[in-house]
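*Asks:* sequence unknown, structure follows:
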């Protein structure tokens, strides 16, 4: 209904401003569609988990758990111990993060605190370019260029855990740099000015004031870097040698071939029969990966905290 | 050491590390360009591969990647932009919204090979699409959702609130306000986000392994229910699965893929700066 | 005579718990210029925004009491809010052109109401620009960007944009705050003519401006309506001590 109009209006009556009903109906439909699009993201996460479980659950039921988490992965002989794969993934990821975090963080400090404007304008796009290089291309370079170098350094083969870690570290850098940079940028300028005003050097300011203030953002950078690294597939598959063995704890353990969870799925899924035990175990590995990344990302997501919302009524 | 010496040393080390990070980026690109440029000619880009892929061109792979990228766009754009509008314009600060945000963070973090498993389980097997362009596009499309949702939401939120208030005060409904005022202003940002998301998708291999990609096809696919070759998978195949593959073809393929992906990134950047300059507010 | 607007014992509390209006009752009649004045943050803008329900945009705000428009409760479920905002139109404190041309701005409210008739739109554009004393300045560049206008022109454009809808009531929230004296007097002069056709409720830039343009005025302090009166009496011999203090500049 509309609000009654008084006759005190001397101008000619305007055309009716009532909205035709079908338009408001259309609006209702559109708003529902938008809501469905938003909620569909929850649905998709649920569907992904559901289908992983549907295909992969038999692995946990049919293979005795002791064997499933055992240390021998020989699918041909019916041995599905994923422990070597987990160790492989952890080894490659941890080393990659140990390399990438200091490099990424220091680069972020350079970009945010030291570099003059003109350098920033060159470096930032370059790092975006790095983020844009497909992982398969970096994997390819690792395979044709980096592996031979590693071999020349004395490893029996160039395809080692360390080769994988190097490539992975490089791929994680853009993530770590950009999130660290945001964290540093969020530190109020007053903190810096205050420290410099009482006579601290630029380095003391960065070390004692800026870094501690940015620490929670930096933790998030590390976590998302881990999430990115542990899920990487193609590049790792190409350069880690794909041997499902557990390296002995020794100084040279990094220079042995390993095989990761992701690479195992990618390499073997193409050759298994649907519904076979091997097939379900590969989906089981998918469940493990899903749970690891889900945990890491949920924790990181919590760190982001509640976003500050704009006040809707304000201009 | 005095404080000043520490300061000098620290800045020196930081600068050195930054150089160490940045220089290899240039080297990587230079290396691919220098080693790959020799392989690129008209035939390489337009011919079918022959003789065990060691001769001829990579046209089916290029075409496959283009088609998969377009398919990805069709799948993810409506959902992603809808979800972004929901989050930016309608979502209240309640439990549902927090769940949606959590879901997006997690979608962004799921490993690409797990998306491949999902695509295999749902699209290839359960829905019976088989290994096909359709299954691959759907898988890549879902994988690309979180990137495009986040960038689009950012673009929408960046539209000044006064345009919304003024539009509403003139009797526009909420959706009219979004359609006539918010979306036109957010469009450059949304387009940039979409292109960036697609450039990621175009370079992905793992989600296609069991959903769309073919090792070698003698003919081009005729329908979207057939498998296709794709550049990233092709690069994987010719570099690790085929012995005695000429190095120039490998580098040439890598170069074409890199150019394809980086030109999308460049296009996104151009859209952003071009349309920002035209903006009046 | 039936009041155009009747505010009855209104309370408004923001989502952060701040009570912006309390025990507020006021009648406003057709074709008058009613001025609502008082210190900043006393609730004037909140009241204007309540009248065309822009306060709907604030989640969890609490409203008690009634606002009747032509005898009709504006918060009733059956009220079409978009329609209400066309009938009670708002001009904001700062010039707020929408992106697009001058013509786009002027016809926006009509277009979202579903009006497509070109001749009618053109006629509304010309008439509203004349009423806002802007026609001569912009008639040759209707299809240029609204942002190319000066601040004073932009604000008159915003007034014309509201007039194009032929509302019953125009809410002016300190419309001359960013304007130079010349633009200010152009806006003030146009009010006299506008009240022939419209009811005007305005928050003024200053007490002097209030005294210049008001038919009737109300003094508002900390969310309460202290005193209402005919302009001539209220500004020269207020009955309430607080009003007197404010007008004579002893506070605020």
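*Replies:* That came in fine, so what should we check first? Predicted model, so just to flag it, every value in this text is computed and none were measured. Numbering: from 1, shown residues only, chains lettered A, B, ... in the order given.
*Asks:* low pLDDT regions in chain A?
*Replies:* Applying pLDDT under 70 to chain A flags residues A:1-23, A:303-315.
*Asks:* now do the same for residue C:14: its pLDDT.
*Replies:* For residue C:14, the model assigns a pLDDT of 88.
*Asks:* shouldn't it be in contact with residue C:21?
*Replies:* No: counting by Cβ atoms under 8 Å, residue C:14 does not reach residue C:21; the two are 10.1 Å apart. Where C-beta positions appear, they are placed from N, C-alpha and C, glycine not excepted.
*Asks:* who's in contact with the helix or strand that contains residue C:220?
*Replies:* Residue C:220 is part of strand C:216-221, with elements assigned from DSSP states H and E. For strand C:216-221, the external contacting residues (Cβ atoms under 8 Å, 6 or more residues apart in numbering or on different chains) are C:26, C:32-39, C:42-44, C:47, C:210, C:225-231, C:234-235, C:238, C:240, C:242-243, C:246.
*Asks:* got it, and stretch C:225-237?
*Replies:* Contacts of stretch C:225-237 (Cβ under 8 Å, 6+ apart): C:24-26, C:35, C:38, C:207, C:210-211, C:214-220, C:238-240, C:242-243, C:247.
*Asks:* kindly recompute the last result at 7 Å.
*Replies:* C:24, C:26, C:211, C:214-220, C:238-240, C:242-243, C:247 (Cβ atoms under 7 Å, 6 or more residues apart in numbering or on different chains).
*Asks:* quick check on residue 52: phi, psi?
*Replies:* No chain in the question, so chain A it is. Per-residue torsions, residue A:52: phi -60, psi -50 (degrees, to the nearest 10).
*Asks:* do I have it right that it meets residue A:286?
*Replies:* Yes: taking contacts as Cβ atoms under 7 Å, residue A:52 lies within contact range of residue A:286: 4.9 Å.
*Asks:* off-centre distance for the helix or strand harbouring residue B:274?
*Replies:* For residue B:274, the host element (DSSP H and E) is helix B:247-278. Relative to the centre of its chain, helix B:247-278 is centred 11 Å away, using Cα atoms, centre = their mean, to the nearest Å.
*Asks:* same question for stretch C:158-174.
*Replies:* The answer for stretch C:158-174 is 7 Å, by Cα atoms, centre = their mean.
*Asks:* contact residues of chain B facing chain C?
*Replies:* B:92, B:162-163, B:165-173, B:176, B:180-181, B:185, B:280-281 (Cβ under 7 Å from any Cβ of the partner chain).
*Asks:* quickly check: the helix or strand harbouring residue A:228 near chain B or not.
*Replies:* Element membership for residue A:228 (DSSP H and E) is helix A:215-231. Yes: judged by Cβ under 7 Å from any Cβ, helix A:215-231 and chain B are in contact via A:227, A:231.
*Asks:* who does that helix touch, helix- and strand-wise?
*Replies:* helix A:83-109, helix A:161-185, helix A:277-304 (3 or more Cβ pairs under 7 Å, 6 or more residues apart in numbering or on different chains; DSSP states H and E).
*Asks:* how about 8 Å then?
*Replies:* helix A:83-109, helix A:161-185, helix A:261-268, helix A:277-304, helix B:95-109, helix B:112-119 (3 or more Cβ pairs under 8 Å, 6 or more residues apart in numbering or on different chains; DSSP states H and E).
*Asks:* name the residues that touch it?
*Replies:* Under Cβ under 8 Å, 6+ apart, the answer for helix A:215-231 is A:89, A:92-93, A:96-97, A:100-101, A:104-105, A:168-169, A:171-172, A:175-176, A:179-180, A:182-184, A:186, A:211, A:261-262, A:289, A:292-293, A:296-297, A:299-300, A:303-304, B:109-114.
*Asks:* next, count neighbours for residue 104.
*Replies:* All of this refers to chain A. 29 (other Cβ atoms under 10 Å in any protein chain shown).
*Asks:* to clarify, I was referring to chain B.
*Replies:* With other Cβ under 10 Å as criterion, residue B:104 counts 27.
*Asks:* quick check: it vs chain A, distance?
*Replies:* 5 Å (Cβ to the nearest Cβ, to the nearest Å).
*Asks:* check what pLDDT the nearest residue in space to that residue that is not next to it in sequence gets.
*Replies:* Spatially, and ignoring its direct neighbours in sequence, residue B:104 is nearest to residue B:146 (4.9 Å; Cβ to Cβ, 6 or more residues apart in numbering or on different chains). As predicted, residue B:146 sits at a pLDDT of 94.
*Asks:* OK, contacts around residue B:146?
*Replies:* A:41, B:104, B:105, B:107, B:108.
*Asks:* switch the cut-off to 10 Å
*Replies:* A:41, A:44, B:76, B:80, B:83, B:103-110, B:197 (Cβ atoms under 10 Å, 6 or more residues apart in numbering or on different chains).
*Asks:* between the residues you listed, which is nearest chain C?
*Replies:* For the contacts of residue B:146, the minimum distance to chain C (Cβ to the nearest Cβ) is 20.6 Å, reached by residue B:83.
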